[in-house]
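Visitor: quick check, what structure comes out for this input:
(2 chains)
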Amino acid sequence: MKPEIERLLNAALARLTGPVLAEAPAPASVVIERTRDPQHGEFATNIALRLAKAARKNPRELAAAIVAALPASELIARTEVAGAGFINFHLAPGAYAAELARIHAQGEAYGHSTRGGGERVLVEFVSANPTGPLHVGHGRQAAFGATLANLLRATGHDVAREYYINDAGRQMDILAVSVWVRYLEAGGEVLAFPENGYRAAYVLPLAQALRERVGARLQHGASAVLAGLPADAPAGDKEAYIDALIERCRALIGAAGFREVLDLSLALMLADIRGDLAEFGVVFEQWTSEREFAESGAIDHALEVLRRQGRLLEKDGATWFRATEFGDEKDRVVVRENGVKTYFASDIAYHLSKYERGFTRLLDVLGADHHGYVARVRAGLIAMGCPADCLEATLIQFVSLFRGTEKIPMGKREGQFVTLRQLREEVGNDACRFFYLIRSHDQPLDFDLELAKSRTNENPVYYIQYAHARVASVMKQLSARGLSFDRAQGLAHAGALASPHEQAVFSALTRYPEILEQAAIGRAPHVLAHYLRELANTLHTYYNAEVFIVEDAAVRNARLALVLGVQQVLRNGLALLGVSAPESM
RNA sequence: GCGCCCGUAGCUCAGUUGGAUAGAGCGCCUGGCUACGAACCAGGAGGUCGGGAGUUCGAAUCUCUCCGGGCGCGCCA
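Guide: Now for the predicted structure:
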């Protein structure tokens, strides 16, 4: 409906360009909104107010001129100038019924658009280090990224989802040595666990798997392991200690042995993460290993691009990227004094590779603690010749878990944390997805386990599902009474559904395509979640106010056509959120 | 110290490319099941939109400043 009104309005503005308006208004400035008050019709625009100043016209006069220039349309019954210069659009009686027919005809494709123009978008999300299971914060990023990708796809973008595996750094070495120490312990050795190691319980099965794989081949005595090592914290430096321990480990079991421990740990952690996400309904087209990426020479390629552009300099024995020339606050090292490339170098190279693979829009879904690095990566991309706006980062605020009013402490290294898997098993995937998505991403989330689990009216999760199931229940009741639904008759008579409740349902129902666009453009899945709640509310209200299964077949079929339309849109919207739409509950 | 995000009803939060009378859920109060599902609905109370100043026809929304909270500022990953 809205695109048609946009078309009419743009036609009117085009006619006025020249005689009344000096120049054509930018398409983005033409904003059409739903009205809040039915007295104002169904749609309204403030375009006359926005253009009045530039046109040196009284807003109401300009509005009148625009109204006069509007082409006729079957969609619109009448237009009027109101208030300070708003233009209100009143829909023609059959407009809603025609849209309802579209819902029935298009089914699960209803609401989709081609507005994205097939733009190639890469959504990178989660990308958690494979040094441990996903925690509840990653769950929020997973739900957000997956739904954002769904929204972009539904609005006509060519979307790929990608997980970047940070498997190359020192943290992986620390995981490997943590597994090895547990393996030694299981072999009967007694030694203090490194302060900086991963001491959480998930390391134990990794050590167990290692023993099953290699037997006692990598076993060494505690005295040989610890001899000559610096003191661990609290007396010494835990960083220096763990580094020394890693070196000792390499010396004792050899580079190949160390690699074996690391690869096994990595493979198992990754399998856990993949499985967890898959069970959560989150899948990726591509998993990129940082290690394989680095070994492919891609970082050297990126550095070469920068060098050709003259954006590198040598200073203090290191190689620097002149990031300050591209909006960053300081220059950044890309190759350290010791010849090792920095994480930053690998990161801009990775982003360059996305662009070189043909993606013109790079969406990074990141934890809020990563905001510091966005400017640098963007600077790198610009320096390498990418458009300034190709990289877009969405920062997801943190999740705090509560059991009722009691906050559950989190700390990854200490192993005191709730995993996404535990959360899903306790509250269920549907409640998880919904709770993650109901809040705006830039708002910290307090996730109450008790609330998410509860089957009471305090829990918003079931409200929408209940509306969906309720329609299914009505249809069951219909057949139980020996009646059947006549869609053609229902749609033919839908225009006669004129009660305030029915108009409210129509109004909410036909907003769906606008909501999808708004949620996609704003990178705001919560807009869809809130909308579905509103739509469910109009359905419940209608249900309580009027009986659908009445004697009059025309009225009955029209009402059923309407509530089936609601059910369809609820199903479509829930699918995008990754929440199931049950027939009964 | 510098940068980013946030501050809206008792609680949790929508609303922010400036727009018509600031909304929802929960909680509280009052009503509605011999009814197509009461996991529902109707009504009510509840607000200096953190404080102040500015921009203009119009500010929760934009600018400045102050207060309060979160996060980030490595030749770590």
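Visitor: going forward, measure contacts and count neighbours with C-alpha atoms only.
Guide: Will do.
Visitor: from the stretch 1-150 of chain A, which residue is nearest to RNA strand B?
Guide: RNA strand B sits closest to A:Leu49 of the stretch 1-150 of chain A, with a gap of 3.9 Å, by C-alpha to the nearest atom of the strand.
Visitor: so that residue is in contact with A:Gly83, correct?
Guide: No: under the criterion of C-alpha atoms under 8 Å, A:Leu49 makes no contact with A:Gly83, lying 10.4 Å away.
Visitor: what score does the residue of the stretch 1-150 of chain A closest to RNA strand B have for pLDDT?
Guide: pLDDT, A:Leu49: 87.
Visitor: again with A:Phe485
Guide: The per-residue pLDDT reported for A:Phe485 equals 96.
Visitor: who's in contact with it?
Guide: A:Leu478, A:Asn557, A:Leu560 (C-alpha atoms under 8 Å, 6 or more residues apart in numbering).
Visitor: quick one, longest helix in chain A?
Guide: helix A:238-279 (DSSP state H).
Visitor: do any residues in that one lie close to RNA strand B?
Guide: No: remark: helix A:238-279 sits outside contact range of RNA strand B, by C-alpha under 7 Å from any atom of the strand, the gap being at least 9.4 Å.
Visitor: quick check: mean pLDDT across that helix?
Guide: Averaging pLDDT along helix A:238-279 gives 96.
Visitor: any idea of the mean pLDDT for the helix or strand following it?
Guide: Sequence order places strand A:286-289 as the next helix or strand after helix A:238-279, per DSSP states H and E. Averaging pLDDT along strand A:286-289 gives 96.
Visitor: look up how far RNA strand B lies from the residue in chain A sticking out farthest from the centre.
Guide: Largest separation from the mean C-alpha position in chain A: A:Ser223, at 50.3 Å (C-alpha atoms, centre = their mean). In this view, A:Ser223 and RNA strand B are 28 Å apart by C-alpha to the nearest atom of the strand, to the nearest Å.
Visitor: contacting residues for that residue?
Guide: Shown in contact with A:Ser223 (C-alpha under 8 Å, 6+ apart): no residues.
Visitor: mind listing what's buried along stretch A:7-18?
Guide: Across stretch A:7-18, burial judged by 16 or more other C-alpha atoms under 10 Å covers A:Leu8, A:Leu9, A:Asn10, A:Ala11, A:Ala12, A:Leu13, A:Ala14, A:Arg15, A:Leu16.
Visitor: reformat these as CSV; add pLDDT, secondary structure and distance to A:Ala545.
Guide: Below are the buried residues of stretch A:7-18 laid out as CSV (pLDDT from 0 to 100; DSSP: H, G, I helix; E, B strand; the rest coil; distance: C-alpha to C-alpha, whole Å):
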residue, pLDDT, secondary structure, distance to A:Ala545
A:Leu8, 92, helix, 36
A:Leu9, 92, helix, 37
A:Asn10, 89, helix, 40
A:Ala11, 90, helix, 41
A:Ala12, 90, helix, 41
A:Leu13, 88, helix, 43
A:Ala14, 87, helix, 45
A:Arg15, 88, helix, 46
A:Leu16, 87, helix, 47
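Visitor: from these, which two are the most distant?
Guide: Taking C-alpha to C-alpha, the two most distant members of the buried residues of stretch A:7-18 are A:Leu8 and A:Leu16; they sit 12.6 Å apart.
Visitor: tell me the domain ranges of chain A?
Guide: A:2-92, A:170-277, A:460-577 (automatic domain parsing).
Visitor: so which of those gets nearest A:Cys386?
Guide: domain A:460-577 (21.4 Å).
Visitor: anything in that closest one near RNA strand B?
Guide: Yes: Domain A:460-577 lies within reach of RNA strand B by C-alpha under 7 Å from any atom of the strand, at A:460, A:462-463, A:466, A:469-470, A:472-478, A:527, A:530, A:537, A:540-541, A:543-549.
Visitor: out of these, which are buried?
Guide: Of the residues of domain A:460-577 next to RNA strand B, these count as buried by 16+ other C-alpha under 10 Å: A:460, A:462-463, A:466, A:469-470, A:472, A:474-475, A:478, A:527, A:537, A:540, A:543, A:548-549.
Visitor: tell me the one of the residues you listed nearest RNA strand B?
Guide: Looking across these and measuring by C-alpha to the nearest atom of the strand, the closest to RNA strand B is A:Val474, at 3.1 Å.
Visitor: in a strand, that's where the closest one is, yeah?
Guide: No: using DSSP: H, G, I helix; E, B strand; the rest coil, the secondary structure at A:Val474 is helix, not a strand.
Visitor: for it, report the pLDDT, please.
Guide: For A:Val474, pLDDT reads 96.
Visitor: who touches the nearest residue to A:Gly94 once chain neighbours are set aside in this structure?
Guide: With C-alpha to C-alpha, 6 or more residues apart in numbering as the criterion, A:Gly94 has its nearest non-adjacent residue at 5.2 Å, and that residue is A:Gly495. Taking C-alpha under 8 Å, 6+ apart as the criterion, A:Gly495 is in contact with A:Pro93, A:Gly94, A:Ala95, A:Tyr96, A:Ala97.
Visitor: hmm, A:Glu80 and A:Val67 touching each other?
Guide: Yes: contact criterion C-alpha under 8 Å: A:Val67 and A:Glu80 qualify, at 7.3 Å.
Visitor: shared neighbours, those two?
Guide: The contact sets of A:Val67 and A:Glu80 overlap at A:Ile87 (C-alpha under 8 Å, 6+ apart).
Visitor: tell me which of these two has more neighbours.
Guide: Between A:Val67 and A:Glu80, counting by other C-alpha atoms under 10 Å, A:Val67 is the more crowded of the two (21 against 17).
Visitor: sec struct for that one, please.
Guide: Classification of A:Val67 by three-state DSSP places it in helix.
Visitor: what about it, distance to A:Leu91?
Guide: 15 Å (C-alpha to C-alpha, to the nearest Å).
Visitor: over to A:Ala536?
Guide: Distance from A:Ala536 to A:Leu91, counting by C-alpha to C-alpha: 23 Å.
Visitor: what about the two, which has more around it?
Guide: Comparing A:Ala536 with A:Leu91 by neighbour count (other C-alpha under 10 Å), the higher total belongs to A:Ala536, at 24 against 19.
Visitor: how about the contacts made by that one?
Guide: Counting by C-alpha under 8 Å, 6+ apart, A:Ala536 makes contact with A:Tyr463, A:Ile464, A:Ala467, A:His468, A:Leu570.
Visitor: secondary structure element for the closest residue to the third one other than its chain neighbours?
Guide: Read that as A:Ala467. Sequence neighbours aside, A:Ala536 is the residue nearest to A:Ala467 in space, at 5.5 Å (criterion: C-alpha to C-alpha, 6+ apart). Element membership for A:Ala536, per DSSP H and E: helix A:525-545.
Visitor: just the mean pLDDT for that helix, thanks.
Guide: 95.
Visitor: which other helices and strands does the least confident helix or strand in chain A by mean pLDDT contact?
Guide: Sorted by mean pLDDT, DSSP states H and E, the helices and strands of chain A end with strand A:406-407, the least confident at a mean of 80. Packing contacts for strand A:406-407, counted by 3 or more C-alpha pairs under 8 Å, 6 or more residues apart in numbering; DSSP states H and E, involve no helix or strand.
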